[in-house]
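Peer 1: Predicted structure and sequence below. I'll ask about it afterward.
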Amino acid sequence: MSTLDVGCGVNKFPGSIGIDRITGTKADVIADLDRFPYPFRDDSFDSIRVIHVIEHLTDVIRAMEEFHRLGRAGARVLIATPHYTDFSSFCDPTHKHHLNTFSFRYFGEDNAGFGYYSKARFRERALRVKLLALWRYLGFELLVNRVPRFRKFWEHYLCFVVRGKVMEFEFEIVK
């Protein structure tokens, strides 16, 4: 399996090809991650990892389209990012976007009625929200992750009290 680790930094995923904009990292390829296309052929990867990177990119939609271009049909895309209610989302001055569990819905099969933003399609395979420890111990994390209606209720009404920490998305590329 070929894996692309986007924004790998010094913690490049073992066996992957790392791309980053910063020299002195473990990246195999140094490139501006806000400039497209990345220097790889179409359909080059079986999996793409974007761990705490997407919030730093200027254009989330264009980045998702680039991941779609680079991945083969059925390839997995793993994205981890802070939830917008977490302190870390706002304390890093390099964060350009503050995302929630519905931020990638434009790329889904029903595209939330906004299919004109992008033709790239992804199937959500998994979503895991991590909450602060107190809320995890009280069972909120289990409810948010296992009951879709509760997640929607949490995201709309409770997330500023029961704050999110990190979101991990796993998508499958649909071509």
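Peer 2: Nice, I can see it.
Peer 1: who's in contact with the closest residue to K119 other than its chain neighbours?
Peer 2: Nearest residue to K119 in three dimensions, chain neighbours excluded: E65, at 7.9 Å (C-beta to C-beta, 6 or more residues apart in numbering). The C-beta positions use only the backbone N, C-alpha and C, and glycine is treated the same way. By C-beta atoms under 8 Å, 6 or more residues apart in numbering, the contact list for E65 reads F36, S118, K119, A120.
Peer 1: Also R151?
Peer 2: For R151, the residues meeting the contact criterion (C-beta under 8 Å, 6+ apart) are T101, V129, L143, V144, N145.
Peer 1: How much space separates it from M64?
Peer 2: Distance, R151 to M64, by C-beta to C-beta, to the nearest Å: 21 Å.
Peer 1: before we move on, back to that, name the nearest of the contacts of E65 relative to E155.
Peer 2: The closest of those to E155 turns out to be S118 (C-beta to C-beta; 21.9 Å).
Peer 1: Of all pairs in the contacts of R151, which one is the farthest apart?
Peer 2: So, the contacts of R151 by C-beta to C-beta: farthest apart are T101 and L143, at 13.1 Å.
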